[in-house]
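Asks: need a 3D model of the sequence below.
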Amino acid sequence: MNMNETRRIKPRIERLHAFAIHPLTVFGSLALGIVAGMLWPAAAPQFDYVGEVYVGLLKMTALPFMTAAVIFSLQRLLREGSASDLVMRVIAIFGCVSVFVVVVGAVVLVAMRPGEHLSNATLKAFGALVGSDGAASDTVMTLYGTDPAEKSSGLADMLIALVPGNFFAALASGDTLKALVFSLFFGFASGRVPATISAALSQTLETVYFTCQKIMHWLAYPTPIVLFCGGAAQIGTSGFGPLEAMFRFVMAFVVVTVVLIAAALAVIWKRSGATLADTLAGLRTPFAMALATRSSVACMPSMIECLADGFGFARARVELVVPLAVSLLRVGPMVYYASATLFVAQLYERALGPGELCVVLVASVLAGFASTGTSGVVTVSLAGMVCAALHLPFEAAFVLFAAVDPFCEILRTLLLVIGNSAVVSAICARPPRA
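Replies: Residues are numbered from 1 along each chain as shown. Take a look at the predicted model:
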């Protein structure tokens with residue numbers, strides 16, 4: 001293939017990439033998948049298989065990418081002498097954002113009150129979901145039970161669980177937090193090694209980084225197919241029944257998500273100096289990947305590419321802060337836990353005073369930090385930690401939330417990806433003006 005042919009093909013490939021992640025393509029593929037799931041529900045397992053393979057490919061690439069990015073970025077920052085200032089900004093902004101998101105979630109849930117004054121039809125639907133005979137009175141009785149969620153381990157056990165006794169085992173098992181802890185320690189140590197000695201390591205890490213980035217770029221092309229299969233699998237498996245029964249909670253969580261994503265977009269817009277249209281266009285790839293994968297880890301390469309290459313933030317800081325934010329600042333689960341706990345309290349007609357609301361907020365933040373590395377119903381089960389702080393039973397409510405979690409997980413991932421992109425833009429210095 002000569003140079004002229006390459007030049008002609010490259011724009012076509014870029015147009016194909018832009019088409020694959022365009023919002024109309026994303027939502028159109030998802031809508032077609034929902035229709036297919038309604039028409040052919042028996043084929044749901046086959047549709048689900050495609051999504052599992054795709055997410056596996058993304059996670060296979062994301063962990064080596066994260067490891068290389070963190071180590072390489074720390075090396076450069078330590079040699080520049082700017083690491084201490086960055087750490088202080090990370091701690092301060094992480095703390096402020098954690099409080100802000102749970103307060104927004106609590107305000108929306110208190111204002112909308114989705115768990116109060118439910119109709120008999122909704123109570124019957126709840127009864128069907130938790131396995132009763134469908135009577136409203138049985139639903140109330142079933143909802144009162146013991147919390148099945150496991151008791152949280154002590155602080156010492158949690159700290160021990162962070163230490164990767166075998167780094168390669170952590171990579172093999174997909175344990176993001178342990179891989180991140182190793183990368184931070186290794187990056188700090190290698191940053192103190194003379195540059196003449198560590199030059200070969202830096203080149204190797206840079207090669208791994210750009211290779212993984214190229215793979216993730218390729219994996220964006222089949223996004224419409226994955227969204228189609230994911231929508232068909234979900235509707236074919238569970239139908240619309242769970243969503244109808246939990247409609248009020250889901251709508252409240254949608255409102256919380258929209259408010260926080262709008263705030264995140266405003267932050268990125270102001271910090272990047274780009275126009276609003278360019279800001280929205282630049283976030284297309286992370287947005288599409290979040291919808292397709294429901295995995296914040298798999299979205300890290302697209303977040304880094306968007307913030308560094310698209311908006312011009314300093315790559316060294318972006319490559320370090322993005323993995324930290326995705327792994328530690330779990331804004332999606334934090335908001336979800338606050339929303340779910342308040343919904344359960346309203347379901348039991350439990351009025352919460354200012355002190356109990358503060359308990360909900362603090363426990364939601366802590367449970368969010370504890371959710372690192374979890375997904376699906378495992379993430380949902382940690383809401384039991386927050387409910388336990390108010391002595392609210394969570395057994396039957398867990399079944400209700402698990403029934404609609406595939407949809408809520410999409411919202412949590414969007415919050416994590418877009419929200420943490422805003423956090424990174426706030427931590428990093430503004431890009432130079434053109």
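Asks: going forward, measure contacts and count neighbours with C-alpha atoms only.
Replies: Fine.
Asks: SS state for residue 290?
Replies: Per DSSP: H, G, I helix; E, B strand; the rest coil, the local secondary structure of residue 290 is helix.
Asks: what's the neighbour count on it?
Replies: 27 (other C-alpha atoms under 10 Å).
Asks: I'd say it and residue 297 touch.
Replies: No - with contacts counted by C-alpha atoms under 8 Å, residue 290 stays clear of residue 297, the gap being 9.6 Å.
Asks: now for residue 291: which residues touch it?
Replies: Contacts for residue 291 (C-alpha atoms under 8 Å, 6 or more residues apart in numbering) come out as 227, 410, 413, 414.
Asks: and the third one, how far is that from residue 198?
Replies: According to C-alpha to C-alpha, to the nearest Å, residue 413 and residue 198 sit 36 Å apart.
Asks: what's around residue 334, how many residues?
Replies: For residue 334, the neighbour count with other C-alpha under 10 Å is 29.
Asks: residue 413 and residue 198 - which one has more neighbours?
Replies: Legend: neighbour count by other C-alpha under 10 Å for residue 413 and residue 198, higher for residue 413 (27 against 14).
Asks: next, the buried residues of the helix or strand where that one lies.
Replies: Assessed by DSSP states H and E, residue 413 sits inside helix 405-427. For helix 405-427, a neighbour-count test (16 or more other C-alpha atoms under 10 Å) marks 405, 407-427 as buried.
Asks: what does stretch 182-200 give?
Replies: Buried, per 16+ other C-alpha under 10 Å, within stretch 182-200: 182, 183, 184, 186, 187, 188, 190, 191.
Asks: dump the residue contacts of the second one.
Replies: The one in question is residue 183. So residue 183 contacts 67, 68, 70, 71 (C-alpha under 8 Å, 6+ apart).
Asks: how about the nearest residue to the last one, chain neighbours excluded?
Replies: Excluding its sequence neighbours, the residue lying closest to residue 71 (C-alpha to C-alpha, 6 or more residues apart in numbering) is residue 187, at 4.1 Å.
Asks: check the secondary structure at that neighbour for me.
Replies: Strictly by three-state DSSP, residue 187 counts as helix.
Asks: which SS class is residue 318?
Replies: helix.
Asks: thought it was touching residue 426?
Replies: No - in this structure, residue 318 is not within contact of residue 426 by C-alpha under 8 Å, at 10.8 Å.
Asks: for the stretch 51-200 of the chain, which spans come out with low pLDDT?
Replies: Counting by pLDDT under 70, the ranges of the stretch 51-200 of the chain that qualify are 55, 59, 79-84, 121-162, 174, 176-177.
Asks: could you pull out the strands for it?
Replies: Per DSSP state E, counting those that start in this stretch, the stretch 51-200 of the chain carries no strands over any range.
Asks: quick one, helices of it?
Replies: Counting by DSSP state H, counting those that start in this stretch, one finds helices in the stretch 51-200 of the chain at the ranges 83-112, 120-130, 136-143, 155-162, 167-173, 176-191, 195-218.
Asks: cool, the stretch 301-434 of the chain as well?
Replies: Applying DSSP H, counting those that start in this stretch to the stretch 301-434 of the chain gives helices spanning 315-328, 331-347, 354-370, 376-381, 383-389, 395-403, 405-427.
Asks: what's the most buried one of those helices?
Replies: Of the helices of the stretch 301-434 of the chain, the one with the most neighbours on average (mean count of other C-alpha atoms under 10 Å) is helix 331-347, at a mean of 26.
Asks: can you tell me what sits against that one?
Replies: By C-alpha under 8 Å, 6+ apart, helix 331-347 touches 98, 101-102, 105-106, 109-110, 113-116, 249, 253, 351-352, 360-361, 364-369, 371, 379, 382-383, 386-387, 392, 394, 397, 411-416, 419-420.
Asks: run the chain-centre distance for it.
Replies: 16 Å (C-alpha atoms, centre = their mean, to the nearest Å).
Asks: ok, stretch 345-358 next?
Replies: Relative to the mean C-alpha coordinate of its chain, stretch 345-358 is positioned 27 Å out (C-alpha atoms, centre = their mean).
Asks: mind checking the end-to-end distance for it?
Replies: 14 Å.
Asks: next one: stretch 165-179
Replies: Using C-alpha to C-alpha, the end-to-end distance of stretch 165-179 comes out at 11 Å.
Asks: same question for stretch 33-50.
Replies: First-to-last residue span, stretch 33-50, C-alpha to C-alpha: 12 Å.
Asks: that older thread, which of the helices of the stretch 301-434 of the chain sits closest to residue 93?
Replies: helix 405-427 (7.2 Å; C-alpha to C-alpha).
Asks: distance between the closest one and the chain's centre?
Replies: For helix 405-427, the distance from its own C-alpha centre to the chain's C-alpha centre is 5 Å (C-alpha atoms, centre = their mean).
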